[in-house]
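> show me how the following folds:
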Amino acid sequence: SERSLAFYLLLRFVRNVFLRDSVVEGESWFHQYHNNEVMICCMINLLELRGTYSDPIVARRRAVKTGNKFVEGNRRDTVKFVAKRLPCTCLK
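Residues are numbered from 1 along each chain as shown. Okay, the predicted model is just below:
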């Protein structure tokens, strides 16, 4: 379906962003400000929730809660989120 295709494409894109940034910036990239990957993780989370819950209000409330965690957190939160959803060991 279109949802699963978008889900997997966004996951691959954010993985490539993480790998490129870690090579370019070295070990300090973990503590730097994150911007695009937070938005991508929020989109992935919303796609998952829309597939799980039939009520859009419940999905939106849960997405806001997770989105706030990403925005207020650091890259470690987003890396953990993506690593749980990817079968590769490049982020673990």
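
> quick one: residue 7 and residue 44 touch, right?
Yes: counting by C-beta atoms under 8 Å, residue 7 touches residue 44, with 6.2 Å between them. For the C-beta atoms, the positions are set from N, CA and C on the backbone; glycine is no exception.

> which one of those two is surrounded by more residues?
Set side by side, residue 7 and residue 44 show more neighbours around residue 44, with 22 against 17, by other C-beta atoms under 10 Å.

> and the helix or strand hosting the more buried one, what does it pack against?
Counting by DSSP states H and E, the element that carries residue 44 is helix 36-52. Contacts defined by 3 or more C-beta pairs under 8 Å, 6 or more residues apart in numbering; DSSP states H and E place helix 36-52 against helix 2-25, helix 56-72, helix 75-85.

> now the last one - C-alpha only, CSV.
In CSV, the C-alpha atoms belonging to helix 75-85 read as follows (Å, rounded to 0.1, in the frame of the first residue of the first chain):
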residue,chain,number,x,y,z
ARG,A,75,19.5,12.7,18.5
ARG,A,76,19.7,9.7,20.7
ASP,A,77,15.9,9.6,20.9
THR,A,78,15.5,9.8,17.1
VAL,A,79,18.3,7.2,16.6
LYS,A,80,16.5,4.8,19.0
PHE,A,81,13.2,5.4,17.2
VAL,A,82,14.7,4.6,13.8
ALA,A,83,16.8,1.7,15.0
LYS,A,84,13.8,-0.1,16.4
ARG,A,85,12.2,0.0,12.9
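
> that one versus helix 2-25: what angle between them?
Helix 75-85 and helix 2-25 are oriented at 130 degrees to each other (axes from the mean of the first three to the mean of the last three C-alpha atoms, to 10 degrees).

> name the residues of helix 75-85 that come out as buried.
Using 16 or more other C-beta atoms under 10 Å as the test for burial, helix 75-85 gives 75, 77, 78, 79, 81, 82, 85.

> and the residues you listed, which two are furthest apart?
Using C-beta to C-beta, the buried residues of helix 75-85 reach their maximum pairwise distance at 75 and 85, which is 15.8 Å.
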